[in-house]
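Engineer: make a model of this:
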Amino acid sequence: MSHLAGRIAAKFALVHSLSSRGYPREARDLGITQRMAGPEEGRPVVQLPAGLPACDLSITHSHELAVAVVTERGRVGADLERVSPRSAALIDEVFTEAEQEWLSQCELLRGRTPDERWNLGWCIKEALVKCTGHGLRASLQQVTFSGWTEQGAASVSIPLLTDEPGALAQLITLHSEGVGSGPLTGLLALGQGYAFAALHHPSEGRSLEFVA
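Structural biologist: Numbers count the residues shown, from 1 in each chain. Predicted coordinates:
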C-alpha cells in the first residue's frame, strides 16, 4: 500500500507542477517507471508526453505516509522515516564525527529527542545520496555534510506531518563537500512521529512541490 501511495503522491505532484507552468495534464497522461540497473537502480523516472518540459522526481514513503517531490531543474532527493531508536553502532556507521557533533549540538534541534535528531539526520543522508546521484545503494558515509544555514520557516504544509502544533518545517541550505557546483537547498520536517528531508541541487528554478 505504501508503494501505491507513493505513486499516487507522485502523480499529484507532477500534475500540480506541470499545471503551474502552463501545461495542464491528467494524471493518466503521465508515466512513472524506474531505473532497472546501475548505481541508481530503483530511482523513479518520469515519462511525459512530447512537448512537455522535463522534470526530476523523488518519492519516499514510510508506513501510512508518502511524499513526492518534483522540480523542473536539477535533481531532487527526499527521504521519510518513522522516528525509531537508532543504535550507537548504526550511528557510528552512518554519520561522520562532524555530522554527529552537528546533530547533537544544532540549535534548530534543541528540545528534540535523540531519536528525532538521528532519524532526521538519516533522512538528510538518504536525500543527499539520491540528490547527488550516488545511487540508492551507496554507503551513507560516501556523502557528507558539515551543517546547514537556516533560511526561515517553510510555509509548505505536509498533511499528517507538519500540521500539528510544535512540528518543525525549516528551509535550509545544506553545506556538503563534493556535490558539484551550487549549494543544496532543502526542507527539514519533524512531526507526528516522522522525520523528513528533501534536497534540491542546484538551487535555481521554481520551488519544490510537496504532496503527501
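Engineer: which parts of the chain are helices?
Structural biologist: Applying DSSP state H to the chain gives helices spanning 2-20, 88-94, 97-105, 114-132.
Engineer: what's opposite the spatially most central residue of the chain in the beta bridge?
Structural biologist: With distances taken as C-alpha atoms, centre = their mean, A78 lies nearest the centre of the chain, 1.8 Å away. Beta-bridge pairing for A78 (DSSP bridges): A198.
Engineer: and it, how close does it get to D29?
Structural biologist: Remark: distance between A78 and D29 (C-beta to C-beta, to the nearest Å) = 23 Å. Where C-beta positions appear, they are placed from N, C-alpha and C, glycine not excepted.
Engineer: flag the shaky bits of the protein, pLDDT-wise.
Structural biologist: For the chain, applying pLDDT under 70 flags the ranges 1, 135-138, 178-182, 202-212.
Engineer: can you show me the strands along this structure?
Structural biologist: Here the chain has its strands, by DSSP state E, at 31-34, 44-47, 56-62, 65-71, 75-82, 145-153, 168-176, 184-191, 194-201, 209-211.
Engineer: give the buried residues for stretch 58-71.
Structural biologist: By neighbour count on 16 or more other C-beta atoms under 10 Å, the buried set for stretch 58-71 is S58, I59, T60, H61, S62, L65, A66, V67, A68, V69, V70, T71.
Engineer: how long is it from one end to the other?
Structural biologist: 9 Å (C-alpha to C-alpha, to the nearest Å).
Engineer: and what of stretch 70-83?
Structural biologist: With C-alpha to C-alpha, one end of stretch 70-83 sits 24 Å from the other.
Engineer: and that stretch, how far out from the chain's middle?
Structural biologist: Its chain's C-alpha centre and that of stretch 70-83 lie 3 Å apart, by C-alpha atoms, centre = their mean, to the nearest Å.
Engineer: just stretch 96-108 next, same as before
Structural biologist: 19 Å.
Engineer: give me the contacts around stretch 33-49.
Structural biologist: 10, 14, 18, 25, 29-32, 54-59, 130, 133-138 (C-beta atoms under 8 Å, 6 or more residues apart in numbering).
Engineer: what about burial for the residues you listed, which qualify?
Structural biologist: Using 16+ other C-beta under 10 Å, the buried ones in these are 10, 14, 18, 30, 32, 55-59, 130, 133-135, 138.
Engineer: ok, for F145, nearest residue in space, not its chain neighbours?
Structural biologist: Spatial nearest neighbour of F145, chain neighbours left out: S176 (4.5 Å); criterion: C-beta to C-beta, 6 or more residues apart in numbering.
Engineer: for the one you found, give me its contacts.
Structural biologist: L128, T132, V143, T144, F145, S146, L184.
Engineer: extract the CA atoms of stretch 34-51 and return them as CSV.
Structural biologist: The C-alpha coordinates for stretch 34-51 follow below in CSV (Å, rounded to 0.1, in the frame of the first residue of the first chain):
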residue,chain,number,x,y,z
GLN,A,34,12.2,3.4,-12.5
ARG,A,35,15.8,2.7,-13.4
MET,A,36,16.3,-1.1,-13.6
ALA,A,37,20.1,-1.3,-13.3
GLY,A,38,23.2,0.7,-12.3
PRO,A,39,24.1,2.7,-9.2
GLU,A,40,20.7,4.4,-9.3
GLU,A,41,18.6,1.3,-9.7
GLY,A,42,15.1,2.0,-8.3
ARG,A,43,15.2,5.8,-8.9
PRO,A,44,11.9,7.0,-10.4
VAL,A,45,11.9,8.2,-14.0
VAL,A,46,9.2,10.5,-15.3
GLN,A,47,7.7,9.7,-18.7
LEU,A,48,5.9,12.8,-20.2
PRO,A,49,4.1,13.3,-23.5
ALA,A,50,6.1,15.1,-26.2
GLY,A,51,6.4,18.8,-25.8
